[in-house]
Each structure stands twice: as structure tokens, then as C-alpha cells.
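Student: Could you look at this predicted model? Sequence included:
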Amino acid sequence: KNNFKDILVFSAYPSDYLIHLSMAIILSNRGHKVTVLIKINSDDEMNKERKTKTKYEEYFGEIKPELLKYGIRIFFTNDLLYKETVLSSSVINKIERQSIEDSQRILKNPEFKISNRIHKNIFNYRLKENTKFAKNFMNFTKEKKFNNYIIHSGSWAEYGIAFKILKKLKKNIICFGYRNDKNTIVISYNKQFNELDLNNAWKRKNKKLSNTEQRISNFLTHSFTKKEYYKKRVYLNFHTEDPLNKEKLIKKLKLKKKFGNILILTSLSFDTTVLTKKTNHIFESQFQWLKETINFLEKENYNIIVRPHPAENLTNCKMTCEKFLKKEIKNISNNIIILPSNTDINTYGLIDIVDFGIVYSSDIGWEMILRKKPVIACGKGVAWGKGIQFEPKNLKEYYELLKKILNKEINFDKRKHFLLAQKFMYLYLNEVPKIFPFPLREFWSKKTFNDLQKLIKNNVHSKKYDKTFSILSSEKKLYDGLLGKI
């Protein structure tokens, strides 16, 4: 009983309501006192979630008896009538930055220009909504005290504002987010999900993997190169074909056999916006990195293969790397091969035929190291700072690294880098993901409600998710950042 907590779950969008209410019921079933704060979107909501609101009303009616049964309190931001609140300069700055990022997400375009009328209108709308929410939430948190605050990702729209305010008030914050794999979430403590801060989990991980862990890592290294893996385990299918053998691939790409091969792998442009605070490091943006890198390499005796992130084709990005290159580089040298984002060429087959790779912040960087290929990473991704990749600190160091690797003067200890990449993969793909009962993209379905009922009624089944919900409610002592083993 001493470990029971008073928990606030914040839900900002109709597409999230049912999942958060379901989480609240499970947490309450574990003995915690749970409150849910729901932001009802204004009538002029620019992303127009009318159909979802109708579903929300329908399912809320079904779930309401369970909410009452477990004594879950519900507050709506529209009902919070507080006096005018003076926001600190740091919160105001956060609101402005968040509103720009929100605009980029709505536009599905990392290129944001306030001079553009459409961009400006969206920004002003988000600024208004975020400011209004900040004032209400600030007063709410001052008036009502909780042990823990679960605020979804803590990194977009009102979730980002809530995180900033709670951080300023020195509260215990639980953030969670979905990855591309089914049936798991990742949980971050006192860090926004989009920071992808794995530093503490990395330090706590044993220096050397056990024999069992190595076998699991080797199996994964092999299996996620195959199309079968993507059919069964993920939502976005990045690879519809298995890797081609080297000779067939070289012939298909029409590579010059006398040249060496370089593989440039981009991140999803949307992700480099989502991870704005961390990713952009040497360059202002991924687009700038891509353009300047190709300009630097194009006269070298290398085939330069540019592989845009496959999710660009699957997520309807308005400005992709493929579009950017066609717009910015008019006369492309014949040694530069820019693949379409929807190519059926398996990325892991490309890795097998190249001498080295250059990435921005994508996971494919450390995956290349697992195949014992040197990699330069120019943006700060989740694997940054762990000795796995070559990570230049500034432009001068970046170009010096490129020259060394082009001239085969780089000191690449394959064994050392491989073991670090293997350790990272085991941590990131086995220990960080937490099994979760409500899959991504099934929030608004009868299945979610039925699954919730089964979990409540069947204690044996619910034990499957015990560790996940014990972490979400911080029943055990947690450490900052993405959580591995607890």
C-alpha cells in the first residue's frame, strides 16, 4: 500500500483518449489513485478530427462504467476556468518553439517559413492553442498535486508544453512512445520521448553480452534483413524483397566496377524535425548535410548511392530527401545514383556492396557497423556518443574524416566497433521495448475496448504486462531517460 501512487494521465487528442482511459483503468486496478485530464479540441481545430470525436463519444459511453467503478476522476480543460496567469519567459519561449514544430508536423514538411501565409496561419493557431493550454495547465498543476504525471510522448503539441511546465515544477514525469514494431512501447523517465536519451541505460548495461544475449543479437542481425521480418513484426514495411546478391545488385545499379562504393542513408525528414533539439548538430538540417556532402563527394572516383528513408514513401511527407535533391542539384554526375524512396532494393543488400556509409541520425548507421562497415554519423541519433560510429564534432572534422576514409587511411577497429554495436542492438531492441496490450493504430476500434475488458477480468493474462505498468506507475525506482532493465 505504501507504493500506491496518485497519478495524473494527460490526454490531448481524440485519437489518444481511449488508450489513455484504458491505461488509467489498468493502473487503478493495480491500486493506484488515477486522474485523467482531457483536452477537448476547440471547434475550429485545424486537423479536423470530427469522425474521431464521434468515436470518442461512443466509446466513452461504454468505458464510463469502468471509470466510475475504479473511482477514476476525469477533468476537462474546457471546464477549468482560471484567472489570467503570467507565464515565465522560458515557458513562452517553449510555446513558440513548440508551435513551430507543431506547424512542421501538420504540414509534414521540415521546411517552415513564417513568410508563407499558410505556414503563418497554422503557426498562429498552434500558438493560440498552446498558450491557452499552458495557462490552464499551470494553474491545474499548482492546485492539484500528484506523485507522477503520464503525458504521452511529452514532445508534441500540448504534451510538449505540459512536459516543460512539469519539468519547471520538478515533477516526476513518465513519457512513452511507439516504435515501428508491433505490441511494444518505449518508456522514458523525466526525458521527452523525442530526446531518445539512452545514456543512463547504456551505462547500466553490462560491458560484455552473455552468450545467450550474443545468440539473440546474431539472430536479430540476420532476421531483420529479410522481408519476412517486416511482414510479421512491424507496421511500416520497409523491405518487400530480400537482399540481392552482390553481382546482381551491381549490375542493376550500373555501378562502375573500377570505382569504390559509398552509401548515403538519410533519416526520415519528419523525424529530423521531431528530434529537432538533438539531431541537428554540425548542419542546420538534414537537407543541408545531404546537399553539401554530395557536392563534396561527386568528383571522387566512387559510386555514390543515395538511399532515401523508405518511410518517406509510406508517410506522405510533403518535402522528402528525394524531392529536395531533384530541386537543389540540377546536373547530377553519372556516378551518383539517387534511388527512389519506394525502391524495392533491400537496404541491407546495398550495405554488402559498399566500402563505407554516411548517415545523418538513422539507426541504419549502427546496423552497418554490425556488418563491419565503417560509418560516419553527422546527426545526433539514439546511438550517438557511444563509440559505435565515427562522429565528427564540427565541419572541419567531418571533411577530414571523409578525406581519410576516401583515401583508406581511417583507423577502423572492426571487432571493437562490432561489439559495441551488438551491445547497443541488444539493449535497444530487447531491453528498451516494453510489451503493451494496445497496439498502435488500433486505438479507435472495438478491439481496444474488448482487450481492456479481458485484461481486467483475466488476472493471468494481465501478468504479461505487469512489468510495463509497474514502470508506468513508477512502482520501482527509475532512472532518467529511456528505460532498459529496471
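Tutor: Alright, I've got the coordinates. Numbers count the residues shown, from 1 in each chain.
Student: Following the chain onward from the helix or strand encompassing N93, which element is next?
Tutor: Here N93 is covered by helix 89-107, with elements defined by DSSP states H and E. Note on helix 89-107: by DSSP H and E, the next helix or strand toward the C-terminus is helix 117-143.
Student: What mean pLDDT does the following helix or strand past that next one get?
Tutor: Counting by DSSP H and E, the next helix or strand C-terminal to helix 117-143 is strand 148-150. Averaging pLDDT along strand 148-150 yields 97.
Student: So which elements touch the next helix-or-strand element following strand 148-150?
Tutor: Counting by DSSP H and E, the next helix or strand C-terminal to strand 148-150 is helix 157-168. If you count contacts as 3 or more C-beta pairs under 8 Å, 6 or more residues apart in numbering; DSSP states H and E, helix 157-168 packs onto strand 6-11, helix 89-107, helix 117-143, strand 172-178. (C-beta placed from N, C-alpha, C; glycine too.)
Student: how far does the first one sit from the chain's center?
Tutor: So the one you mean is strand 6-11. Distance of strand 6-11 from its chain centroid, counting by C-alpha atoms, centre = their mean, to the nearest Å, is 22 Å.
Student: ok, it: who's next to it in the sheet?
Tutor: Each strand paired with strand 6-11, and its direction, by DSSP bridges: strand 33-38 (parallel), strand 148-150 (parallel).
Student: quick one, which of these is packed in tightest?
Tutor: Of all the strands paired with strand 6-11, strand 148-150 carries the top mean neighbour count, a mean of 23, counting by mean count of other C-beta atoms under 10 Å.
Student: Report the separation between the residue nearest the centre of the chain and H152.
Tutor: Closest to where the C-alpha atoms of the chain average out (C-alpha atoms, centre = their mean) is N194, at 5.7 Å. Look at N194 and H152: by C-beta to C-beta, to the nearest Å, they are 11 Å apart.
Student: who touches both of these two?
Tutor: With contacts taken as C-beta atoms under 8 Å, 6 or more residues apart in numbering, the residues that reach both N194 and H152 are G177.
Student: got a list of what the residue nearest to the residue nearest to the centre of the chain when sequence neighbours are not counted touches?
Tutor: Once flanking residues are discounted, N194 sits nearest to S155: 3.8 Å by C-beta to C-beta, 6 or more residues apart in numbering. Counting by C-beta under 8 Å, 6+ apart, S155 touches F163, C175, G177, Q192, F193, N194, E195, V274.
Student: By neighbour count, which of those residues wins?
Tutor: Most neighbours among the contacts of S155, by other C-beta atoms under 10 Å: F163, with 28 neighbours.
Student: which ones are touching that one?
Tutor: The neighbourhood of F163, defined by C-beta under 8 Å, 6+ apart, consists of I151, G154, S155, I173, C175, Q192.
Student: please redo it, this time with the cut-off set to 10 Å
Tutor: F163 is in contact with 10, 94, 98, 149, 151-156, 171, 173, 175, 190-194, counting by C-beta atoms under 10 Å, 6 or more residues apart in numbering.
Student: Ok, K408 next?
Tutor: G260, D355, F356.
Student: so what's the closest residue to K414 other than its chain neighbours scoring on pLDDT?
Tutor: Nearest residue to K414, sequence neighbours excluded (C-beta to C-beta, 6+ apart): K372, at 4.7 Å. What the model reports as pLDDT for K372 is 95.
Student: Kindly report the same for the one 4 residues further on.
Tutor: Reading off the per-residue confidence, I376 sits at a pLDDT of 97.
Student: Looks to me like it is in a helix.
Tutor: No: assigned with DSSP: H, G, I helix; E, B strand; the rest coil, I376 falls outside any helix and is strand.
Student: hang on, the earlier thing: dump the contacts of K408 to JSON lines, plus pLDDT.
Tutor: JSON lines is the format used below for the contacts of K408 (pLDDT from 0 to 100):
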{"residue": "G260", "pLDDT": "94"}
{"residue": "D355", "pLDDT": "95"}
{"residue": "F356", "pLDDT": "96"}
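Student: from those, which ones fall inside strands?
Tutor: G260, F356 (DSSP state E).
Student: quick one: the strands in this structure?
Tutor: Under DSSP E, the chain gives strands at 6-11, 33-38, 73-76, 148-150, 172-178, 184-189, 260-265, 302-307, 336-338, 356-359, 375-377, 434-435, 481-482.
Student: ok so, going back, return the members of the contacts of K408 classed as buried.
Tutor: The neighbour count (16 or more other C-beta atoms under 10 Å) marks G260, D355, F356 as buried among these.
Student: isn't the last one right next to I304, touching?
Tutor: In other words, F356. No: F356 is beyond contact range of I304, at 11.3 Å (criterion: C-beta atoms under 10 Å).
Student: Common neighbours of the two, please.
Tutor: G260, N261, I262, L263.
Student: Just list whatever residues bridge to the second one.
Tutor: In this case it means N261. Assigned bridge partners for N261, using DSSP bridges, are N303.
Student: List the contacts of it.
Tutor: N261 touches 250, 253, 255, 302-305, 335, 337, 350, 353-357, counting by C-beta under 10 Å, 6+ apart.
Student: now do the last one
Tutor: With contact taken as C-beta under 10 Å, 6+ apart, L263 is in contact with 303-307, 347, 350-359, 364, 368, 373, 375.
Student: Deepest in the core, which of the strands of the chain is it.
Tutor: Counting by mean count of other C-beta under 10 Å, the most buried of the strands of the chain turns out to be strand 356-359, with a mean of 26.
Student: Any idea how many residues pack against L402?
Tutor: Under the criterion other C-beta under 10 Å, the count of neighbours that L402 has is 21.
Student: from what I can see it touches I376, true?
Tutor: Yes: when contacts are counted by C-beta under 10 Å, L402 is listed as touching I376 (7.0 Å).
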